[in-house]
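Engineer: can you look at this prediction? I've put the sequence above it.
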Amino acid sequence: MPDRRLIVRLKAARTEAGLTQAELALKVGVSRKTINTVENGVFVPSTILALGLAQALGLTVEALFSLAPDLSSDL
């Protein structure tokens, strides 16, 4: 399986919702640092965390996260 990259739109969604990282973290029960590392692509969230983030922001998981196209399949 090729190495896939995760596209993260969490920061844009959080900002649009008018929330700070700390406020979103409180809503989902994690640390502000966890929100920061997810937003910066350092940490890939678990399914439970991704669902919690989506629920807290009133969005779908797919609105927050997607897979980058697999360019190796074009070879």
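Structural biologist: Sure thing, it's come through.
Engineer: now the longest helix anywhere in the chain: how far from the chain's centre is it?
Structural biologist: Ranked by number of residues, the top helix in the chain under DSSP state H is helix 47-57. Taking Cα atoms, centre = their mean, to the nearest Å, the mean C-alpha location of helix 47-57 is offset from the chain mean by 8 Å.
Engineer: and it, what does it pack onto?
Structural biologist: With contacts defined as 3 or more Cβ pairs under 8 Å, 6 or more residues apart in numbering; DSSP states H and E, helix 47-57 has these neighbours: helix 10-16, helix 21-28, helix 32-39, helix 61-64. Glycine gets a C-beta too; all of them are placed from N, C-alpha and C.
Engineer: try 6 Å this time
Structural biologist: Judged by 3 or more Cβ pairs under 6 Å, 6 or more residues apart in numbering; DSSP states H and E, helix 47-57 is in contact with helix 21-28, helix 61-64.
Engineer: so it versus helix 21-28, what angle?
Structural biologist: If you take axes from the mean of the first three to the mean of the last three Cα atoms, to 10 degrees, helix 47-57 sits at 110 degrees to helix 21-28.
Engineer: excluding its backbone neighbours, what's nearest Val38?
Structural biologist: Closest residue to Val38 apart from its sequence neighbours, by Cβ to Cβ, 6 or more residues apart in numbering: Pro45 at 5.2 Å.
Engineer: so which of the helices and strands packed on helix 47-57 is nearest Leu10?
Structural biologist: helix 61-64 (5.3 Å; Cβ to Cβ).
Engineer: show residues contacting that closest one.
Structural biologist: Contact with helix 61-64 is made by Arg9, Leu10, Ala13, Ala50, Ala54, as judged by Cβ atoms under 6 Å, 6 or more residues apart in numbering.
Engineer: tell me how far it lies from the chain's centre.
Structural biologist: On the basis of Cα atoms, centre = their mean, helix 61-64 sits 8 Å off its chain's mean C-alpha point.
Engineer: burial measure for the nearest residue to Gly58 once chain neighbours are set aside, as a count.
Structural biologist: With sequence-adjacent residues excluded and distances taken as Cβ to Cβ, 6+ apart, Gly58 is closest to Ala17, at 7.7 Å. Counted with other Cβ atoms under 10 Å, the neighbours of Ala17 add up to 14.
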